[in-house]
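Asks: Fold the following, please.
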Amino acid sequence: PETERGLKPRGIEFVEEMERLGIIADVSHLGDKGILDVISHAKRPFVASHSNARSLWPAKRNLTDDMIRKLADRGGVTGINFCMAFLGRPDAGEDFLDQAVRHMKYLINLGGEDFVGFGSDFDGIDPYDDLKDCTVMPRLIDRMKKADLSYTQIEKICSGNVLRVYKELLS
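Replies: Residues are numbered from 1 along each chain as shown. Sure thing, here's the model as predicted:
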């Protein structure tokens, strides 16, 4: 993770101007220091459109627990990324659908049920059997139910949380 170089003064000006113009800041491709700079300078909610929990899998683009809490405290949202490199290896007898649900539950535990959405990254990852495209969504929702996520939590993850943030920021 990039912990030394964050946003330059011009980058901070960009964040401020984005907020003024109603552009939603997305930190999914920033290094750690850049994310912390956005957290420090943004006044409005922002998103990590396709990022998972680094505590579950140490991919450098996944969010640390501190980032998760701070982004959630701001009213932002993160979208679960379905890329194997960000989900991590499933336990024996499980698959990547189970691993995606594991990340959801972890993120809910740290950030609350209003914090998690789908980010998929289907347009940026190579397809694989467990999560090849949107046709797997009904199976994923079944796994969410089996993992004791409530109807309300599932509804929020499927659309409610992202819509809430986007409506707030784009209205």
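
Asks: Across the sheet, point out what pairs with the residue positioned nearest the centre of the chain.
Replies: In the chain, the residue lying closest to the centroid (CA atoms, centre = their mean) is T78, at 2.4 Å. According to DSSP bridges, the partner residues bridging T78 are A48, V116.

Asks: Phi and psi next, for E113.
Replies: When read as degrees, to the nearest 10, the backbone of E113 gives phi -70, psi -10.

Asks: which residue packs closest to it, ignoring adjacent ones?
Replies: Residue nearest to E113 in three dimensions, not counting chain neighbours: Q153, with 4.9 Å by CB to CB, 6 or more residues apart in numbering. (C-beta placed from N, C-alpha, C; glycine too.)

Asks: Packing partners of whatever helix or strand that neighbour lives in?
Replies: Q153 is part of helix 151-155, with elements assigned from DSSP states H and E. Packing partners of helix 151-155 (3 or more CB pairs under 8 Å, 6 or more residues apart in numbering; DSSP states H and E): helix 137-146.

Asks: and G31, how many neighbours?
Replies: By the criterion of other CB atoms under 10 Å, G31 has 18 neighbours.

Asks: Wait, G112 touches A72, no?
Replies: Yes: using CB atoms under 8 Å, G112 is in contact with A72, at 5.7 Å.

Asks: For the two, work out which one has more neighbours and name it.
Replies: Taking other CB under 10 Å, G112 and A72 do not tie; A72 has more neighbours (20 against 15).

Asks: Now that one. Its backbone dihedrals?
Replies: Backbone geometry at A72, expressed as degrees, to the nearest 10, gives phi -70, psi -40.

Asks: excluding its backbone neighbours, what's nearest it?
Replies: Distance criterion CB to CB, 6+ apart; nearest residue to A72, sequence neighbours excluded, is G111 at 3.1 Å.

Asks: what about that neighbour, distance to D126?
Replies: Distance, G111 to D126, using CB to CB, to the nearest Å: 29 Å.

Asks: same thing with L107?
Replies: Look at L107 and D126: by CB to CB, they are 24 Å apart.

Asks: circling back: can you get me a residue count around the residue nearest to E113?
Replies: Residues contacting Q153 under the criterion other CB under 10 Å number 20.

Asks: what ranges do the helices span in the chain?
Replies: Secondary structure of the chain (DSSP state H): helices at 9-21, 32-41, 65-73, 84-87, 96-111, 137-146, 151-155, 161-170.
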